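Visitor: this one's structure only:
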């Protein structure tokens, strides 16, 4: 039997399982990119404004590290500069999630063993996962190319191919990592760490060079995306770097997959005895999720340091550009540019914290579908007590990472420590509402639990793109973050904070009632 037998069937099954979550990630990424030309036309509509932007980027290494160098001042070039790196990050996250879900996740839950008992080749599962990631990235490439074709066909194609290739590089990275660990959660975490290292290398290189020529930039696939230079005399040969990385990593993943037993890994989990004491369901939940909490905490602290360090230069970057100033004011309030910048950056971190709380809440679903929850619940541990342990980690963890973000701002900016702390904490009710939606979906309709990612992604899209497009107030109001007071600088409004906190409690309670009444699906 061929080692690829059954690949087509597994691919169709993978695409069917991902029919909700993957299209949402693709749509968010594509809309973020395609919304930029009109926004940037209003921001930098004159030659003087674009020249001033170029001057600011040449002298401001911190902003180059955050966004990247600008290679061309056309609308297409501005779009590639403004969202290229972050669209590449989203494409990479989509690729790694798809591959880990259909490789290590399947083995961890035991479904892969059942599938392998049929007429399925040894490498069919890995091939189907990589093909599913390729389909997702191909759709993203087509959407970006078609949507930006009016700005220049060659540049649109280059940006689309660059984003798709970035997603596939990290998809093949995930395929390798999945061979080394028995835990899907750890596989996602390690691949995300590689992605974070790639971002840091690119940022370090761009801060040192204004044209992306630093060796540090060339060590990162995100740096390759920049140096492909869409809309700026495209360097098509850079695509060969992506192709080489994909082929080498895919070959390594196939070689490793053929040398291990199904369900095992090259670095298996130590069987025990476990160190420390697990005297409660909450202690077990903390043991299971502490790695994720610590990783998110470190990331938010570093983000706070970076954004805090950029605050002093915010006024200089915006200069006399009224359109840019108005966007910051729509995002962060109208109490002054510095306060508006701080409020908008804190708001962005709040939006990202919603992704953390969804991931943490859905750990309940992972424990149930993998069959690990059933033996635990057979002991004198009730469902509500078991769920409460994970929800405590999710909701308290969100508070912790926002506190550490405030500490990062204190280190990077060193002023307004109290107001910035309040601004970070005021994001929590909206974060908890998104967590409550995840609990409700999991408790009432567990098959729809992954749709919580779609809710978080839609909230992220509204928060990031809505102010730039001057979206109507009712659109911004669809996100719980749109009802929060704009701090620091604005007045504290307790009504929305209390209302959102109560809504989060109601959603969470309804989800727990549903969990208590339904059968386990594992």
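Guide: That came through fine. Note that the coordinates shown come from a computational prediction; the quantities given were computed from them, not determined experimentally.

Visitor: From here on, just use CA atoms for contacts and neighbour counts.
Guide: OK.

Visitor: Who are the contact partners of residue 96?
Guide: Taking C-alpha atoms under 8 Å, 6 or more residues apart in numbering as the criterion, residue 96 is in contact with 167, 170-174, 188, 191.

Visitor: Work out for me the element it sits within.
Guide: When elements are assigned from DSSP states H and E, residue 96 belongs to helix 75-102.

Visitor: Show the average pLDDT along that helix.
Guide: Throughout helix 75-102, pLDDT has a mean value of 90.

Visitor: likewise stretch 432-452?
Guide: 91.

Visitor: secondary structure element for residue 385?
Guide: helix 383-412.

Visitor: nearest residue to residue 127 other than its sequence neighbours?
Guide: Leaving aside its sequence neighbours, residue 127 sits nearest to residue 7 (C-alpha to C-alpha, 6 or more residues apart in numbering; 6.7 Å).

Visitor: oh, I was asking about residue 74
Guide: Excluding the flanking residues, the one nearest residue 74 by C-alpha to C-alpha, 6+ apart is residue 231, at 7.6 Å.

Visitor: Assign that neighbour to helix, strand or coil.
Guide: Secondary structure assignment for residue 231 (DSSP: H, G, I helix; E, B strand; the rest coil): coil.

Visitor: Quick check on it: phi, psi?
Guide: Geometry field for residue 231 lists phi and psi as phi 70, psi 10, criterion degrees, to the nearest 10.

Visitor: Spell out which residues sit in contact with it, please.
Guide: In this structure, residue 231 makes contact with 72, 74, 76-77, 80, 152, 154-156, 158, judged by C-alpha under 8 Å, 6+ apart.

Visitor: Return a ChimeraX selection command for the buried portion of those residues.
Guide: For selection in ChimeraX, the members of those meeting the burial criterion (16 or more other C-alpha atoms under 10 Å) are listed in this command:
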select :72,74,76,77,80,152,154,155,156,158
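
Visitor: Farthest pair within the contacts of residue 231?
Guide: Taking C-alpha to C-alpha as the measure, these reach their widest spread between 74 and 158, a distance of 15.0 Å.

Visitor: thought residue 403 was touching residue 424?
Guide: Yes. Residue 403 is in contact with residue 424 according to C-alpha atoms under 8 Å; the separation is 6.8 Å.

Visitor: where does this protein have its least confident helix or strand?
Guide: The weakest-scoring helix or strand in the chain, judged by mean pLDDT, DSSP states H and E, is helix 322-332 (a mean of 56).

Visitor: Mind telling me what element residue 14 is part of?
Guide: Assessed by DSSP H and E, residue 14 sits inside helix 7-17.

Visitor: Is residue 519 in a helix, a strand, or coil?
Guide: At residue 519, secondary structure determined by three-state DSSP is coil.

Visitor: Any idea how many residues pack against it?
Guide: Counted with other C-alpha atoms under 10 Å, the burial measure for residue 519 works out to 8 neighbours.

Visitor: ok, now residue 380?
Guide: A count of nearby residues for residue 380, using other C-alpha under 10 Å, gives 7.

Visitor: With residue 118 instead?
Guide: By the measure other C-alpha under 10 Å, the count of residues near residue 118 is 9.

Visitor: before we move on, what SS does it have?
Guide: Assigned by three-state DSSP, the conformation of residue 118 is coil.

Visitor: which residues touch it?
Guide: Taking C-alpha under 8 Å, 6+ apart as the definition of contact, residue 118 has no neighbours.

Visitor: any idea how far residue 354 is from residue 509?
Guide: When distance is defined by C-alpha to C-alpha, to the nearest Å, residue 509 is 19 Å away from residue 354.

Visitor: cool, residue 412 as well?
Guide: If you go by C-alpha to C-alpha, the gap between residue 412 and residue 354 works out to 23 Å.

Visitor: can you check residue 449 too?
Guide: According to C-alpha to C-alpha, residue 449 stands 15 Å off from residue 354.

Visitor: the more surrounded of those two?
Guide: In terms of neighbours (other C-alpha under 10 Å), residue 354 is the more surrounded of residue 449 and residue 354; the figures are 26 against 21.

Visitor: quick check: angle from the host helix or strand of the more buried one to helix 383-412?
Guide: Under the criterion DSSP H and E, the helix or strand holding residue 354 is helix 337-361. Computed by axes from the mean of the first three to the mean of the last three C-alpha atoms, to 10 degrees, the angle separating helix 337-361 from helix 383-412 equals 150 degrees.
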